[in-house]
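A.B. asks: Generate a structure from the sequence data that follows.
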Amino acid sequence: MSTIAIMQPYFFPYIGYFSLIKHTDKFVIFDPVQYIKKGWINRNRVLKPGEGWQYIIAPVQSHEFNALIKDIQVVEGDEWKTKIIRQLDHYKKRSPFYKETIQVLEECFQYKETSITKINTFYLNKICQHLEIEFDNEIYSEMDLDVANQVNASDEWALRISEAMRATTYINPPGGMSFFDKSKYDLAGIKLEFMTSKLGLYNQKRPGFEAGLSIIDVMMFNDVPTINVMLDQYELS
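C.D. replies: From the prediction side, this is the model:
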(Lines give C-alpha, C1' and ligand atoms only; values in the text may rest on other atoms or scores of the structure.)
Protein backbone atom coordinates (compact mmCIF):
# COMPACT_ATOMS: atom_id res chain seq x y z
CA MET A 1 0.00 0.00 0.00
CA SER A 2 1.33 3.47 -0.80
CA THR A 3 0.02 6.84 0.29
CA ILE A 4 0.76 10.03 -1.62
CA ALA A 5 0.19 13.75 -1.29
CA ILE A 6 0.41 16.35 -4.04
CA MET A 7 1.15 19.97 -3.16
CA GLN A 8 2.45 23.09 -4.84
CA PRO A 9 5.99 24.06 -3.78
CA TYR A 10 5.48 26.45 -0.89
CA PHE A 11 8.18 28.72 0.55
CA PHE A 12 9.05 27.67 4.13
CA PRO A 13 5.42 26.58 4.68
CA TYR A 14 3.48 26.18 7.93
CA ILE A 15 3.78 23.06 10.05
CA GLY A 16 0.72 21.32 8.56
CA TYR A 17 2.59 20.97 5.24
CA PHE A 18 5.30 19.00 7.02
CA SER A 19 2.73 16.85 8.80
CA LEU A 20 1.47 15.85 5.35
CA ILE A 21 5.03 15.02 4.27
CA LYS A 22 5.68 12.93 7.37
CA HIS A 23 2.52 10.87 7.07
CA THR A 24 2.63 9.99 3.38
CA ASP A 25 4.95 7.64 1.51
CA LYS A 26 5.45 9.83 -1.54
CA PHE A 27 5.18 13.58 -1.99
CA VAL A 28 4.67 15.12 -5.43
CA ILE A 29 5.70 18.74 -5.92
CA PHE A 30 3.02 20.01 -8.28
CA ASP A 31 4.26 22.87 -10.44
CA PRO A 32 2.44 22.82 -13.85
CA VAL A 33 -0.17 25.35 -12.70
CA GLN A 34 -0.34 29.13 -12.85
CA TYR A 35 1.79 31.08 -10.41
CA ILE A 36 -0.42 33.28 -8.23
CA LYS A 37 1.09 36.54 -7.09
CA LYS A 38 0.92 37.13 -3.33
CA GLY A 39 0.41 33.42 -2.64
CA TRP A 40 2.66 31.05 -0.70
CA ILE A 41 5.06 30.10 -3.51
CA ASN A 42 7.63 32.80 -2.79
CA ARG A 43 6.66 34.21 0.61
CA ASN A 44 5.60 33.28 4.13
CA ARG A 45 5.10 34.87 7.53
CA VAL A 46 7.23 35.13 10.67
CA LEU A 47 7.01 37.23 13.81
CA LYS A 48 7.70 40.95 13.63
CA PRO A 49 9.66 42.70 16.39
CA GLY A 50 7.34 43.89 19.12
CA GLU A 51 4.02 42.45 17.96
CA GLY A 52 2.31 41.10 14.85
CA TRP A 53 3.88 39.36 11.89
CA GLN A 54 5.82 40.21 8.73
CA TYR A 55 6.44 38.57 5.36
CA ILE A 56 9.69 36.97 4.31
CA ILE A 57 9.93 37.01 0.51
CA ALA A 58 11.99 35.51 -2.29
CA PRO A 59 11.47 38.15 -5.03
CA VAL A 60 10.77 36.73 -8.45
CA GLN A 61 11.91 37.87 -11.88
CA SER A 62 9.53 39.46 -14.37
CA HIS A 63 7.26 36.93 -16.03
CA GLU A 64 4.11 36.60 -18.08
CA PHE A 65 0.85 37.04 -16.19
CA ASN A 66 -0.16 33.42 -16.82
CA ALA A 67 3.31 31.92 -16.20
CA LEU A 68 3.37 28.48 -14.61
CA ILE A 69 5.10 27.85 -11.28
CA LYS A 70 7.66 25.64 -13.00
CA ASP A 71 8.80 28.62 -15.11
CA ILE A 72 9.10 31.14 -12.27
CA GLN A 73 12.64 32.28 -11.46
CA VAL A 74 13.74 34.17 -8.36
CA VAL A 75 15.94 37.25 -8.52
CA GLU A 76 19.60 36.28 -8.72
CA GLY A 77 22.03 37.06 -5.93
CA ASP A 78 22.01 36.80 -2.15
CA GLU A 79 20.50 40.15 -1.22
CA TRP A 80 17.04 38.78 -0.47
CA LYS A 81 18.52 35.91 1.54
CA THR A 82 20.54 38.34 3.65
CA LYS A 83 17.40 40.41 4.21
CA ILE A 84 15.51 37.37 5.51
CA ILE A 85 18.29 36.57 7.98
CA ARG A 86 18.16 40.20 9.16
CA GLN A 87 14.38 40.00 9.54
CA LEU A 88 14.88 37.05 11.89
CA ASP A 89 17.55 38.74 14.00
CA HIS A 90 15.04 39.81 16.67
CA TYR A 91 14.35 36.13 17.45
CA LYS A 92 17.84 35.92 18.95
CA LYS A 93 16.69 37.63 22.15
CA ARG A 94 13.84 35.26 22.97
CA SER A 95 14.12 32.05 20.93
CA PRO A 96 15.90 29.07 22.52
CA PHE A 97 16.62 27.46 19.14
CA TYR A 98 17.63 30.56 17.20
CA LYS A 99 21.16 29.35 16.46
CA GLU A 100 20.05 25.93 15.18
CA THR A 101 17.30 27.43 13.03
CA ILE A 102 19.58 30.04 11.45
CA GLN A 103 22.10 27.31 10.68
CA VAL A 104 19.44 25.39 8.74
CA LEU A 105 18.49 28.53 6.82
CA GLU A 106 22.11 29.32 6.01
CA GLU A 107 22.48 25.81 4.60
CA CYS A 108 19.34 26.40 2.53
CA PHE A 109 20.64 29.71 1.23
CA GLN A 110 23.89 28.20 0.00
CA TYR A 111 21.87 26.58 -2.81
CA LYS A 112 22.62 28.42 -6.05
CA GLU A 113 19.48 28.06 -8.13
CA THR A 114 16.84 30.42 -9.49
CA SER A 115 13.96 28.01 -10.24
CA ILE A 116 11.38 28.59 -7.49
CA THR A 117 10.28 24.96 -7.75
CA LYS A 118 13.79 23.63 -7.21
CA ILE A 119 14.57 26.19 -4.51
CA ASN A 120 11.49 25.37 -2.47
CA THR A 121 12.00 21.63 -2.89
CA PHE A 122 15.58 21.98 -1.69
CA TYR A 123 14.48 24.04 1.32
CA LEU A 124 11.77 21.50 2.18
CA ASN A 125 14.35 18.74 2.05
CA LYS A 126 16.76 20.61 4.34
CA ILE A 127 14.06 21.24 6.91
CA CYS A 128 12.90 17.62 6.78
CA GLN A 129 16.47 16.52 7.42
CA HIS A 130 16.57 18.82 10.45
CA LEU A 131 13.24 17.45 11.69
CA GLU A 132 14.43 13.89 11.05
CA ILE A 133 11.52 13.00 8.80
CA GLU A 134 11.71 11.32 5.41
CA PHE A 135 10.92 13.41 2.34
CA ASP A 136 10.51 11.04 -0.60
CA ASN A 137 9.56 13.50 -3.32
CA GLU A 138 9.33 14.02 -7.04
CA ILE A 139 8.81 17.22 -8.98
CA TYR A 140 5.89 16.80 -11.37
CA SER A 141 7.47 18.77 -14.23
CA GLU A 142 10.45 16.39 -14.12
CA MET A 143 8.39 13.21 -14.02
CA ASP A 144 7.59 11.20 -17.09
CA LEU A 145 3.85 11.19 -16.47
CA ASP A 146 1.51 11.69 -19.39
CA VAL A 147 -1.75 12.31 -17.57
CA ALA A 148 -2.76 15.81 -18.66
CA ASN A 149 -4.90 14.52 -21.54
CA GLN A 150 -6.82 12.36 -19.05
CA VAL A 151 -7.76 15.29 -16.80
CA ASN A 152 -11.27 16.59 -17.47
CA ALA A 153 -11.79 18.44 -14.16
CA SER A 154 -9.47 20.06 -11.64
CA ASP A 155 -9.97 17.34 -9.03
CA GLU A 156 -8.78 14.71 -11.50
CA TRP A 157 -5.12 15.77 -11.45
CA ALA A 158 -4.59 14.02 -8.13
CA LEU A 159 -6.66 11.07 -9.29
CA ARG A 160 -4.68 10.50 -12.48
CA ILE A 161 -1.32 11.02 -10.76
CA SER A 162 -2.35 8.59 -8.02
CA GLU A 163 -3.33 6.02 -10.63
CA ALA A 164 -0.10 6.48 -12.58
CA MET A 165 1.95 6.04 -9.40
CA ARG A 166 -0.16 3.07 -8.28
CA ALA A 167 -1.04 4.73 -5.01
CA THR A 168 -3.77 3.22 -2.90
CA THR A 169 -4.46 6.33 -0.81
CA TYR A 170 -4.39 10.03 -1.64
CA ILE A 171 -4.32 12.54 1.24
CA ASN A 172 -5.18 16.21 0.81
CA PRO A 173 -5.42 19.15 3.22
CA PRO A 174 -8.96 19.84 4.45
CA GLY A 175 -9.45 22.82 2.15
CA GLY A 176 -10.25 20.46 -0.72
CA MET A 177 -13.18 18.67 0.88
CA SER A 178 -15.77 20.50 -1.20
CA PHE A 179 -13.58 20.43 -4.28
CA PHE A 180 -13.07 16.69 -4.74
CA ASP A 181 -15.62 14.22 -6.08
CA LYS A 182 -14.98 11.21 -3.84
CA SER A 183 -16.97 8.89 -6.11
CA LYS A 184 -14.29 9.20 -8.82
CA TYR A 185 -11.66 7.98 -6.39
CA ASP A 186 -13.86 5.17 -5.11
CA LEU A 187 -14.41 4.01 -8.68
CA ALA A 188 -10.65 3.94 -9.26
CA GLY A 189 -10.03 2.02 -6.03
CA ILE A 190 -8.15 4.91 -4.42
CA LYS A 191 -8.93 5.94 -0.87
CA LEU A 192 -9.39 9.71 -0.62
CA GLU A 193 -8.66 11.21 2.79
CA PHE A 194 -8.33 14.72 4.21
CA MET A 195 -5.78 15.59 6.89
CA THR A 196 -6.72 18.21 9.45
CA SER A 197 -3.78 19.22 11.63
CA LYS A 198 -4.58 19.80 15.30
CA LEU A 199 -1.99 22.48 15.88
CA GLY A 200 -1.65 23.50 19.48
CA LEU A 201 -0.18 26.71 20.81
CA TYR A 202 3.47 27.01 21.70
CA ASN A 203 5.28 29.69 23.66
CA GLN A 204 6.38 32.52 21.36
CA LYS A 205 7.72 34.42 24.38
CA ARG A 206 5.29 37.32 23.93
CA PRO A 207 1.69 38.11 24.86
CA GLY A 208 -0.84 36.37 22.66
CA PHE A 209 -0.11 33.89 19.88
CA GLU A 210 0.35 34.38 16.13
CA ALA A 211 -1.03 31.26 14.46
CA GLY A 212 -0.24 29.82 11.04
CA LEU A 213 3.29 31.16 10.71
CA SER A 214 6.14 29.58 8.75
CA ILE A 215 7.83 26.42 10.03
CA ILE A 216 10.72 28.78 10.78
CA ASP A 217 8.80 30.20 13.74
CA VAL A 218 7.99 26.70 15.04
CA MET A 219 11.68 25.75 14.81
CA MET A 220 12.73 28.87 16.71
CA PHE A 221 10.72 27.90 19.80
CA ASN A 222 10.64 24.09 19.79
CA ASP A 223 13.18 21.28 19.70
CA VAL A 224 12.99 18.48 17.13
CA PRO A 225 11.25 15.88 19.36
CA THR A 226 8.59 18.44 20.33
CA ILE A 227 8.00 19.41 16.70
CA ASN A 228 7.56 15.75 15.78
CA VAL A 229 4.91 15.38 18.46
CA MET A 230 3.18 18.40 16.88
CA LEU A 231 3.44 16.79 13.44
CA ASP A 232 1.61 13.74 14.75
CA GLN A 233 -1.38 15.75 15.96
CA TYR A 234 -3.91 15.37 13.13
CA GLU A 235 -7.16 13.73 12.11
CA LEU A 236 -8.06 11.98 8.87
CA SER A 237 -11.57 12.15 7.47
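
A.B. asks: Every contact and neighbour count from this point should use C-alpha atoms.
C.D. replies: Will do.

A.B. asks: which ones are touching residue 180?
C.D. replies: residue 155 (CA atoms under 8 Å, 6 or more residues apart in numbering).

A.B. asks: Now do the contacts for residue 237.
C.D. replies: Contacts of residue 237 (CA under 8 Å, 6+ apart): 193, 194, 195.

A.B. asks: what do you get if the cut-off is 10 Å, keeping everything else the same?
C.D. replies: 171, 174, 177, 192, 193, 194, 195, 196 (CA atoms under 10 Å, 6 or more residues apart in numbering).

A.B. asks: need the helices for this protein, in chain order.
C.D. replies: 15-22, 79-87, 98-109, 116-131, 156-164, 182-188, 215-221, 224-231 (DSSP state H).

A.B. asks: could you dump those to a markdown table with mean neighbour count?
C.D. replies: What follows is those, written out as a markdown table (neighbours: other CA atoms under 10 Å):
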| stretch | mean neighbour count |
| --- | --- |
| helix 15-22 | 22 |
| helix 79-87 | 14 |
| helix 98-109 | 16 |
| helix 116-131 | 20 |
| helix 156-164 | 20 |
| helix 182-188 | 14 |
| helix 215-221 | 23 |
| helix 224-231 | 16 |
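
A.B. asks: Save these as JSON lines, and put in mean pLDDT and distance to residue 48 too.
C.D. replies: Formatted as JSON lines, the helices of the chain follow (pLDDT from 0 to 100; distance: least, CA to CA, whole Å):
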{"stretch": "helix 15-22", "mean pLDDT": "97", "distance to residue 48": "19"}
{"stretch": "helix 79-87", "mean pLDDT": "98", "distance to residue 48": "8"}
{"stretch": "helix 98-109", "mean pLDDT": "98", "distance to residue 48": "15"}
{"stretch": "helix 116-131", "mean pLDDT": "98", "distance to residue 48": "22"}
{"stretch": "helix 156-164", "mean pLDDT": "96", "distance to residue 48": "37"}
{"stretch": "helix 182-188", "mean pLDDT": "95", "distance to residue 48": "41"}
{"stretch": "helix 215-221", "mean pLDDT": "98", "distance to residue 48": "11"}
{"stretch": "helix 224-231", "mean pLDDT": "98", "distance to residue 48": "22"}
